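1. what follows is a predicted structure for the sequence shown.
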Amino acid sequence: MTLPAPLRALRRPAGAPAGLWLILVILAAIAAPLLTPYAYDIQNLKSAWQPPSASHWLGTDEFGRDLLTRLIYGARTSLSVSSIAITISVLCGMTLGAAAAWFGGWFDRAVTTVVDLTWSFPEILIALILVAIIGPGTTGTMVAISVAYLAQFTRLTRAQIMTLKGETFIEAAASLGAGNGHILFRHLLPNALAPVLVSAMLATGDAIILEATLGFFGLGAQPPVPSWGGMMSAGSALVFKAPWIIIFPGLAVAITVVAINLYGDALIAELDIRARIRRAV
Amino acid sequence: MTMSIRKTLLSASVSLFALFAAQAVSAQEAVFVLNTSEVGAPTYNPIKANNLNKATTLIFDRMVSQAADLSYHPWLAESWEEAPDGMSWTFHLKPGVKFHNGEPFNAATIGPWLEAFKGSENAYMTEAIAKVEVVDDLTVKLVMARPEPNMLYNLSSSFMSVIEPKSYAALGDNYGVTEVYGTGPFKLESFTVGQETVLVRNDDYTWGSPLAKNAGPAHIAKITFREIAEDSTAFLELKTGGVDMLLGVPADLLSEVKKEPNLAVLTLPGQDVYYMPINVTKAPFDDIKVREAVAKAINQEEILASVFGGIGSVADTFLISALPESHVADSAKIHYDPARANALLDEAGWVMGADGVRAKDGVPLKVSLWTQSDSIFRRLTEVVQAQLKAVGVDAEITTFDSSMIRDQYKTGTQQLAVRSYDWDNADIVDWFFGADRLGYPNISMFNDPKAEELRKAAMTGSKNMAERVANFTAYHEYVLTQFPMAPIYQPVESVAYNADRLVMPEVLNASAMGSVAVMDMEVKE
């Protein structure tokens, strides 16, 4: 019996530690309140700036809050914001891309033009502009990230559909009288799904960085809700006095993003879709 | 191959030699970093600006200089007389003063200069002057529409830096951006907004303030003012020798500066006040009880100790404590009083809920708390948020970019905010609470008929300094009792410099870092 690809990727040399780390982070984020005796938002100014110790494994921040607790709750913010944003982005991007490829004509040209235009701006720039318009906070960050990555998924889906469109099985379905919706959702999208999902996963890694960047500028989750970027930003002003405040969230971002990329690579190798992704993006 | 390597080595050593030679010639050069609160000042036009940086004080001179004890001394005006009824002032100007573009400074300068204030951001400074009479080449008489006891303060303020009227008229909006001409000890060489300003010495300068020891041109030939938005980056630059002086060091970095053997700290009395404006028009703060409660929920001592490392002092009025107008009745001073805060909220009908947040008729006591993106404000705001939570107020923080927050205030939708101002005159009460400036600067949207009456008396109804102090104290005191804001903290001004490079004057007789200090400063060769 063959295991599904995500599990097979776990058996690869780079995929195994990466996947385990991701599972660990996700579980920690879900079970946050059970894992730590401290609250993430209760200040205790007398015990501020404590270096790592037995009672505070990663030390305390400038308000005397346990850094490990905030890191775990920060994982909640970072992972949920970036994965929800990317999910929205994938759904919208696939719909747009598929529709553009299938219907073609002026609609295709309009979508491609707009997408190529946004594609030519760096994601961070688009995100900053959107956050400035919507206002800081998690909602603003989510919308900003979804729009910033929309172009990528639209292009990828469109390219997949374009190659599939000419295949005989589509022609067969069409000549049997299948409608647009049936062909799109039963035949085209399922076949285009794998590369899009894998690139969505890799984009989640980028989205975590983007979320951290916005948090670093103070535009992400608003205090006292912790986010990795916000924690690093607070730590950057105190890097001489309490270096652990910036180091641990920084490590968390770095390891998680590397893990997502390694696991994503393993997944690509298992699914054997490297060429299809490269052609489109 | 060997040939080309040798050539490269040769040219490298030549350029290295040139580098050393260049350094020997221009040893009297220094690099200063501006205070983060001055980063991004868009112009050196003192009349139109509402934010001027320290380099301004070197490009321009002023009529009057102010000493460390806040007394007034001659500068471009050698002496002056005020009419007994306060209805005119006569100024005797210093002879031989020239602007950077060669134009002379004399009695003819004063009329067009003061005229330029009309309709500008800083018009209130010259409002009381009805007309300027030229008595002779070096004497002017200002005929007043009403007595202005604040005249000497205004003339010593950097916003009344003396500009060169002809180029001012010719350059329009470019004056202060592309070119600027004053009479100061340094001339503007280049200015890139938000990045750096390069000043070169005015070698003709012999008319400095008597508060400085040096009566001739400055010792330093060239000063570069860099703008660095993040304090810790600026500190690293100082530590590694990239810059020679930081004009503003936040309290939490001072201990790091003191750890470095080659760095020294100079402390001057501060002119900033950190405070929390309360928008009196937005429910629930339209209820004075709720305003008083949140004001008294702020634990200033705790903030001083934890956020500012115990450096500076707590603020219990809206003004810096060096000003006589800050001496209001004890009952008007705003101190931390959690029992009173809780009692007031109970009285106002806000009942404590099980989740630690108060509610009234099922509506939770949830308010917005605005702050700006500089790290010190974000940190301070988080402590304020926790202190408000302690009395059952759930404040939600919104962080705005520091350069954008003023426009946000203009919308008037704010409830609470954490911010600071930098000023050393009681007329700042008028600036931030005057009913004709709702939104910004009047972030509290404070519009109270009695306050307006007292304000009018304070701004325009005082005949002499004693009266002005009394009137402003009354106005300030009344404003405090209406709780349009909560005072938090007064810092000291700390300057950090590289003691291996700079020699500071032994005595600094000035109310702030500026021209007087730089005139006596030297760079070690």
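-> Sure thing, it's come through. Numbering: from 1, shown residues only, chains lettered A, B, ... in the order given.

2. so which residue is dead centre in the chain?
-> Answering for chain A, as no chain was given. Nearest residue to the geometric centre of chain A (Cα atoms, centre = their mean): residue A:204, 1.8 Å.

3. please refer instead to chain B.
-> Geometric centre of chain B, nearest residue: residue B:422, 3.7 Å, by Cα atoms, centre = their mean.

4. residue contacts, the closest residue to that one other than its chain neighbours?
-> Leaving aside its chain neighbours, residue B:422 sits nearest to residue B:272 (4.7 Å; criterion: Cβ to Cβ, 6 or more residues apart in numbering or on different chains). All C-beta atoms are positioned from the backbone trio N, CA, C, and that covers glycine. With contact taken as Cβ atoms under 8 Å, 6 or more residues apart in numbering or on different chains, residue B:272 is in contact with B:37, B:320, B:420-422, B:490-491, B:493.

5. state the distance from residue B:272 to residue B:428.
-> Computed as Cβ to Cβ, to the nearest Å, the residue B:272 to residue B:428 distance reads 11 Å.

6. can you work out which residues contact both of those two?
-> Applying Cβ under 8 Å, 6+ apart, one finds that residue B:272 and residue B:428 are jointly contacted by residue B:421.

7. tell me which residue of the stretch 51-200 of chain A lies closest to chain B.
-> Closest to chain B within the stretch 51-200 of chain A is residue A:136: 5.5 Å, counting by Cβ to the nearest Cβ.

8. buried residues in the longest helix seen in chain A?
-> Scanning chain A for the helix with the most residues, using DSSP state H, yields helix A:67-103. Under the neighbour-count criterion of 16 or more other Cβ atoms under 10 Å in any protein chain shown, helix A:67-103 has A:67-83, A:85-86, A:88-90, A:92-94, A:96-102 buried.

9. pull the contacting residues for the residue of the stretch 201-350 of chain B found nearest chain A.
-> Using Cβ to the nearest Cβ, residue B:306 is the residue of the stretch 201-350 of chain B that sits closest to chain A, at 4.1 Å. Counting by Cβ under 8 Å, 6+ apart, residue B:306 makes contact with A:45, A:48, A:63, B:383.

10. quick revisit: so how far is the longest helix of chain A from its chain's centroid?
-> 5 Å (Cα atoms, centre = their mean, to the nearest Å).

11. now the residue of the stretch 51-200 of chain A closest to chain B. Nearest residue, chain neighbours left out?
-> Excluding the flanking residues, the one nearest residue A:136 by Cβ to Cβ, 6+ apart is residue A:219, at 4.3 Å.

12. so what's the one you found up against?
-> For residue A:219, the contact set (Cβ under 8 Å, 6+ apart) comprises A:128, A:131, A:136, A:140-141, B:399.

13. by pLDDT, rank these and give me the bottom one.
-> The member of the contacts of residue A:219 with the lowest pLDDT is residue A:136, at 84.

14. which bits of the stretch 101-250 of chain A sit near chain B?
-> Selection of the stretch 101-250 of chain A residues close to chain B by Cβ under 8 Å from any Cβ of the partner chain yields A:132, A:135-137, A:217-219, A:222-224, A:233-234, A:236-241.

15. run through the stretch 1-150 of chain B and note the low-pLDDT ranges.
-> Across the stretch 1-150 of chain B, the ranges flagged by pLDDT under 70 are B:1-27.

16. can you tell me the number of residues neighbouring residue 119?
-> Going with chain A. Residues lying near residue A:119 (other Cβ atoms under 10 Å in any protein chain shown) number 16.

17. actually chain B
-> 6.

18. likewise residue A:21?
-> When neighbours are defined as other Cβ under 10 Å, residue A:21 has 17 of them.

19. which of the contacts of residue B:306 tops the neighbour count?
-> Counting by other Cβ under 10 Å, residue A:63 has the largest number of neighbours within these, with 23 neighbours.

20. next, the nearest residue to it once chain neighbours are set aside: phi, psi?
-> The shortest distance from residue A:63 to any non-neighbouring residue, by Cβ to Cβ, 6+ apart, is to residue A:43 (4.2 Å). Torsion angles at residue A:43 (phi, psi; degrees, to the nearest 10) stand at phi -80, psi 150.

21. and residue 233, how many residues sit next to it?
-> Since you didn't name a chain, this refers to chain A. Counted with other Cβ under 10 Å, residues neighbouring residue A:233 total 22.

22. oops, chain B please
-> Neighbours around residue B:233, by other Cβ under 10 Å: 14.

23. what do you get for residue B:404?
-> Using other Cβ under 10 Å, residue B:404 has 11 neighbouring residues.

24. next one: phi and psi at it?
-> Dihedral pair for residue B:404: phi -100, psi -10, per degrees, to the nearest 10.

25. what of the one 3 residues further on?
-> Per-residue torsions, residue B:407: phi -70, psi -30 (degrees, to the nearest 10).

26. what's near enough to touch the residue nearest to it when sequence neighbours are not counted?
-> Closest residue to residue B:407 apart from its sequence neighbours, by Cβ to Cβ, 6+ apart: residue B:440 at 7.8 Å. Counting by Cβ under 8 Å, 6+ apart, residue B:440 touches B:406-407, B:409-410.

27. quick one: contacts for residue B:502?
-> So residue B:502 contacts B:30, B:244-245, B:521-524 (Cβ under 8 Å, 6+ apart).

28. dihedrals phi and psi, it?
-> Given degrees, to the nearest 10, the pair of backbone angles that residue B:502 has is phi -110, psi 140.

29. what's the spacing between it and residue B:146?
-> 46 Å.

30. got the residues of chain B near chain A?
-> Where chain B comes near chain A, counting by Cβ under 8 Å from any Cβ, the residues are B:230-232, B:235, B:252-253, B:255-256, B:302, B:305-306, B:373, B:375-376, B:378-379, B:381-383, B:385-386, B:396-401, B:404.

31. related to what we said a few turns ago, which among the contacts of residue B:502 count as buried?
-> Here, 16+ other Cβ under 10 Å leaves B:30, B:244-245, B:521-523 buried among those.

32. okay, those residues in TSV with distance to residue B:108 and secondary structure next?
-> Compiled in TSV, these are given as follows (distance: Cβ to Cβ, whole Å; DSSP: H, G, I helix; E, B strand; the rest coil):
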residue	distance to residue B:108	secondary structure
B:30	36	strand
B:244	40	coil
B:245	38	strand
B:521	34	coil
B:522	36	strand
B:523	38	strand
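
33. count of residues packed around residue A:212?
-> Residue A:212: 27 surrounding residues under other Cβ under 10 Å.
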